[in-house]
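Engineer: no sequence on this one, just coordinates:
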């Protein structure tokens, strides 16, 4: 019986702590506030320290064919620092142009099929899905052609 009484007493004690009042608010330090107009800029005296060495990287990869400056030389904006060998770039452009020609052929074929399917669709001789598939394939080829044109433009 004493275990039972002990258990009941323990439950009453725990329930009192659980359902007791909330803890008091935290203590904080306060100060008086005031309104004041401030200047957006203030004159200051100091030294501006800048990096003496800068790292450069080209927009395109390639082998250096010629270089016009040595380390430590002063350069101005717009100066040509190096000339890259354009062999790799020319090959990349040639590959992209061949892909563009392939897309042109695919576009011609798809456009011709689309015209056929349009006539068949108007006469209820083909499904709307077949027509839509060809239509969206044609639009996809147009987007691929635009993308290749941008890549070629970037390399030139």
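Structural biologist: Good, I have the coordinates. Quick caveat: nothing in here was measured; it's all calculated off a predicted structure.
Engineer: buried residues in the longest helix seen in the chain?
Structural biologist: If you go by DSSP state H, the chain has its longest helix at helix 87-122. Of all the residues in helix 87-122, those buried under the rule 16 or more other Cβ atoms under 10 Å are 92-93, 96, 99-100, 103, 106-107, 110, 113-114, 117, 121. In short, each C-beta sits where N, CA and C put it, glycine included.
Engineer: after that helix comes which helix or strand?
Structural biologist: Sequence-wise, the next helix or strand downstream of helix 87-122 (DSSP states H and E) is helix 128-155.
Engineer: quick check: mean pLDDT across that following helix?
Structural biologist: Averaging pLDDT along helix 128-155 yields 93.
Engineer: got it, and stretch 104-120?
Structural biologist: Per-region confidence: stretch 104-120 scores 94 on mean pLDDT.
Engineer: what does that stretch rub up against?
Structural biologist: 126, 130, 131, 134, 135, 137, 138, 141, 142, 145 (Cβ atoms under 8 Å, 6 or more residues apart in numbering).
Engineer: are any of those buried, and which?
Structural biologist: 126, 131, 134, 135, 137, 138, 141, 145.
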